[in-house]
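Enquirer: coords please:
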Amino acid sequence: MAFVIAEPCVDVKDTACVKVCPVDCIYDLEGENQLYIHPTECIDCGACQPECPVQAIFPLSDVPAQWASYIEKNAKAFEGREIHASATGGGSDGVAAPAAPNELDAIRKLLEQVSAKKLAPEAALEQVVPALKKLGIHVG
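Expert: Down below sits the predicted model:
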């Protein structure tokens, strides 16, 4: 799990974060009062965090102590749910399927290598763009 959505999202569910997520891993799950980030689909890019108008999204290691319970809540939100991708992306229909986990894993590994300065960003980009295209995300 890379990012966690905490208490400020409860009963707000603003979807600005959903619109910028490159892998559509933020969901409005049926029967829930907040949005959730799928713990294995998230590629830890951080694009969602600055877009959240209520500052509810935190890296796992930076969740404020008063909202620590949201770490488990986010992790368990997807247990026992069959997830199906919506036609418009971003699981906003309440159910979404992990799309092409091999591509997501490859992108995640490339980003980790760039973060660890083991791979030049330009070299990673050459590999990330085709993987994103396989996911239906077209980069200009």
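Enquirer: ok, residues contacting the helix-or-strand element of the chain with minimal mean pLDDT?
Expert: The weakest-scoring helix or strand in the chain, judged by mean pLDDT, DSSP states H and E, is helix 101-115 (a mean of 72). Contact with helix 101-115 is made by 23, 40-41, 43-45, 98, 119-121, 124, 127-128, 131-132, 134-135, as judged by CB atoms under 8 Å, 6 or more residues apart in numbering. C-beta here means a position set from N, CA and C on the backbone, and glycine is covered the same way.
Enquirer: give me that answer again for 7 Å
Expert: Helix 101-115 is contacted from outside by 23, 41, 43-45, 119, 121, 124, 127-128, 131, 134-135, using CB atoms under 7 Å, 6 or more residues apart in numbering.
Enquirer: got the buried residues for that helix?
Expert: If you call a residue buried by 16 or more other CB atoms under 10 Å, then helix 101-115 has these buried ones: Glu103, Leu104, Ala106, Ile107, Arg108, Leu110, Leu111, Gln113, Val114.
Enquirer: any idea how far Pro130 is from the last one?
Expert: To tie it back to what came earlier, the one meant is Val114. 16 Å (CB to CB, to the nearest Å).
Enquirer: Kindly report the same for the fourth one.
Expert: Going from Ile107 to Pro130 by CB to CB gives 10 Å.
Enquirer: repeat for Tyr70
Expert: From Tyr70 across to Pro130, the span is 35 Å (CB to CB).
Enquirer: do Ala120 as well
Expert: To Pro130, Ala120 is 17 Å away according to CB to CB.
Enquirer: Equivalent analysis for Ile43, please.
Expert: From Ile43 over to Pro130 the distance is 15 Å, taken as CB to CB.
Enquirer: do Phe78 as well
Expert: 28 Å.
Enquirer: Show me which of those two is the more surrounded one.
Expert: Between Phe78 and Pro130, counting by other CB atoms under 10 Å, Phe78 is the more crowded of the two (19 against 11).
Enquirer: Name the nearest residue to the more buried one, sequence neighbours excluded.
Expert: Closest residue to Phe78 apart from its sequence neighbours, by CB to CB, 6 or more residues apart in numbering: His38 at 6.0 Å.
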